[in-house]
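Enquirer: need a structure here:
(4 chains, ligands or ions: 2)
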2 protein chains.
Amino acid sequence: MGKNEKISPAVIRRLPKYYRYLGELSKVGVNKISSRELSDMTGFSASQIRQDLNNFGGFGQQGFGYDVENLRNEIGKILGLDKKYKIIIVGAGNIGQAIANYTGFYEADYEVVALFDKNPKLIGLSIRNALIMDSDDLEDFLEKEHIDIAVICTPKSVCQQVAEQLVRCGIRAIWNFAPKDLKMPEEVYVENVHLNESLFSLTYYYNKMKKESE
Amino acid sequence: MGKNEKISPAVIRRLPKYYRYLGELSKVGVNKISSRELSDMTGFSASQIRQDLNNFGGFGQQGFGYDVENLRNEIGKILGLDKKYKIIIVGAGNIGQAIANYTGFYEADYEVVALFDKNPKLIGLSIRNALIMDSDDLEDFLEKEHIDIAVICTPKSVCQQVAEQLVRCGIRAIWNFAPKDLKMPEEVYVENVHLNESLFSLTYYYNKMKKESE
DNA sequence: GAAAAATCGAGAATTTTTTAACAATATTTT
DNA sequence: AAAATATTGTTAAAAAATTCTCGATTTTTC
Ligand SMILES: NC(=O)c1ccc[n+]([C@@H]2O[C@H](COP(=O)([O-])OP(=O)(O)OC[C@H]3O[C@@H](n4cnc5c(N)ncnc54)[C@H](O)[C@@H]3O)[C@@H](O)[C@H]2O)c1
Ligand SMILES: NC(=O)c1ccc[n+]([C@@H]2O[C@H](COP(=O)([O-])OP(=O)(O)OC[C@H]3O[C@@H](n4cnc5c(N)ncnc54)[C@H](O)[C@@H]3O)[C@@H](O)[C@H]2O)c1
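Expert: Ligands and ions are numbered 1, 2, ... in the order given. Alright, predicted model coming up:
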């Protein structure tokens, strides 16, 4: 499937956006799209879009454009959205519950199988078919069930030790919401959602704009 | 304060990370740090750290390093974390409530002043001193109160119209959690938190690693 | 107190990413 | 059916980001 070269992270982060727009187009019955039109929608340059896609193979047709449904499927396959993923969430507080409650990852087949917490008041409750379990039972659970992705929603004070426990039990993909960089072995991929950093960037640009408009 | 050139977004996104590590160092009593040590902690190269900081002025001392507390303050000033910000949240569902409940933006002075929702069951409730108000009262509220940042936590179907309403009422900074790109005039800064895209990237790298380890 | 080591800041070199150019190919028009 | 138009894929050029190098300066060692 495509070329063997290393694909830059910037490319990978643009793919989900293409995928989303293609999904919207598909939904409203558009079945052909050019890189130029996609550029107008996404804000990325047409050239960049073509370049990005050609990292993985030629999905378009010269003189014509791209078939919306086909391109969407191809990008989905590249990202792995054609497969099913089982997820657990560790830390069933504000963020952990919000994610468990979320039904909008529909585009792909993600299933939150269980949550884990150490707070006895939460243990035993359910969120959309997923039970909140005692975090003491985490290791036993992971021995029995195959889980693809673990979401860390604990306080930052314990996120590193939780991550290490997860990795010991075979987890290789972590979605980390705690504001700390996990130190992990190479074979584990960590995707951080650092909301503080996002808000701080926003703050910088907010102030910059205010200054400029003075 | 520093030079007039345009600073790249990549630099701005690294500053909050430096700021966080410096805060941690400060807390444990370290008061001197070299770009080399900061490199070991953050994973960014020492050269890049020095280059980044020199966009804003020379905060270090040759042969010595950087004063932790001083550098942290300087980065804080660059980001604008020395000022106070009033925030409202539109959409008091899962994510909106999670953010309102969050006390971890402590590093700077952010205050969630109010939430807005159209669900009568939510209107009137309070989250940490912030009242959930009727979204019909949003415009009146914004006329009276000065708000710096609006957080959009509504379903994506209404996020564009909500954003337009906010901008009409003078909002210039939006933190958007809805999975859609807002079309906004130039003078409005939008910081997107697109969790779907983050999860899709994670999925790509998870699959890539699995393939490589086969 | 002189020599050695550490370190920043600045500019140069390198690498990576993005944009532009254009030949090849498909569609549409006349 | 020929000409005009549209559009991709690919290669080249340009721009941007990162890393390297090194002189200047401070601290540490002997
Ligand atoms: N809520 C937000 O808006 C927000 C924003 C930015 C970052 N974060 C980060 O996300 C994480 C979660 O935030 P939150 O607001 O949901 O916090 P929270 O306090 O609501 O939830 C944390 C949960 O983790 C549980 N927990 C603690 N130790 C545990 C352990 N060892 N094993 C399993 N569970 C454990 C707690 O019982 C609690 O239920 C934190 O690291 C926070 O800094 C949250
Ligand atoms: N929860 C998650 O984990 C998650 C993940 C990714 C993206 N998101 C996005 O974040 C947004 C919020 O998600 P959520 O899970 O909190 O949803 P939610 O349904 O829990 O909350 C949405 C809230 O918005 C309110 N609302 C609807 N229309 C409104 C309007 N016109 N004005 C004011 N309020 C209005 C609803 O009454 C509801 O309380 C959505 O766009 C969702 O796609 C959420």
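
Enquirer: does the lengthiest strand in chain A reach ligand 1?
Expert: In terms of residue count, the longest strand belonging to chain A (DSSP state E) is strand A:109-117. Yes - under the criterion of Cβ under 6 Å from any ligand atom, ligand 1 is reached by strand A:109-117 at A:Phe116, A:Asp117. In short, each C-beta sits where N, CA and C put it, glycine included.

Enquirer: quick check: the nearest residue to A:His194 once chain neighbours are set aside vs A:Leu195, distance?
Expert: Among residues not flanking A:His194 along the chain, A:Pro179 sits closest, at 5.7 Å (Cβ to Cβ, 6 or more residues apart in numbering or on different chains). Relative to A:Leu195, A:Pro179 is positioned 7 Å away (Cβ to Cβ, to the nearest Å).

Enquirer: cool, A:Ala92 as well?
Expert: Taken as Cβ to Cβ, the span from A:Ala92 to A:Leu195 is 18 Å.

Enquirer: and if you look at A:Ala163?
Expert: Distance of A:Ala163 to A:Leu195, computed by Cβ to Cβ: 18 Å.

Enquirer: tell me the contacts of the closest residue to ligand 1 within chain A?
Expert: In chain A, the residue that lies nearest ligand 1 is A:Gly93 (1.7 Å; Cβ to the nearest ligand atom). Going by Cβ atoms under 8 Å, 6 or more residues apart in numbering or on different chains, A:Gly93 touches A:Asp117, A:Cys153, A:Thr154.

Enquirer: look up the closest residue to the first one, ignoring the ones flanking it.
Expert: What that stands for is A:Asp117. A:Asp117 sits nearest to A:Ala92 (Cβ to Cβ, 6+ apart), 4.1 Å away.

Enquirer: just the pLDDT at the one you found, thanks.
Expert: With respect to pLDDT, A:Ala92 has a value of 98.

Enquirer: surely it and A:Gly124 touch.
Expert: No - when contacts are counted by Cβ atoms under 8 Å, A:Ala92 is not listed as touching A:Gly124 (10.9 Å).

Enquirer: shared neighbours, the two?
Expert: With Cβ under 8 Å, 6+ apart, A:Ala92 and A:Gly124 have common neighbours A:Ile132.

Enquirer: neighbour-wise, which of those two wins?
Expert: Each of A:Ala92 and A:Gly124 has its neighbours counted (other Cβ atoms under 10 Å in any protein chain shown); A:Ala92 has more, 27 against 10.

Enquirer: which residues are in contact with the more buried one?
Expert: Counting by Cβ under 8 Å, 6+ apart, A:Ala92 touches A:Ala100, A:Leu115, A:Phe116, A:Asp117, A:Asn119, A:Leu122, A:Leu125, A:Ile127, A:Ile132, A:Cys153.

Enquirer: what subset of the residues you listed is buried?
Expert: A:Ala100, A:Leu115, A:Phe116, A:Asp117, A:Leu122, A:Ile127, A:Ile132, A:Cys153 (16 or more other Cβ atoms under 10 Å in any protein chain shown).

Enquirer: tell me which helix or strand the first one sits in.
Expert: Yep, that's A:Ala100 we're talking about. helix A:94-101 (DSSP states H and E).

Enquirer: what is that helix packed up against?
Expert: Applying 3 or more Cβ pairs under 8 Å, 6 or more residues apart in numbering or on different chains; DSSP states H and E, one finds that helix A:94-101 contacts strand A:84-90, strand A:109-117, strand A:126-127, helix B:94-101.

Enquirer: does ligand 2 sit close to the last one?
Expert: Yes - with Cβ under 6 Å from any ligand atom as the criterion, ligand 2 is reached by helix B:94-101 at B:Asn94, B:Ile95, B:Gly96.

Enquirer: and the residues you listed, which are buried?
Expert: Counted by 16+ other Cβ under 10 Å, the residues of helix B:94-101 next to ligand 2 give B:Asn94, B:Ile95, B:Gly96 as buried.

Enquirer: would you say A:Glu214 is within a strand?
Expert: No - secondary structure of A:Glu214 (DSSP: H, G, I helix; E, B strand; the rest coil): coil, not part of a strand.

Enquirer: element containing the residue lying closest to A:Trp175 once chain neighbours are set aside, please.
Expert: Among residues not flanking A:Trp175 along the chain, A:Val151 sits closest, at 4.5 Å (Cβ to Cβ, 6+ apart). Secondary structure assignment for A:Val151, by DSSP H and E: strand A:149-152.
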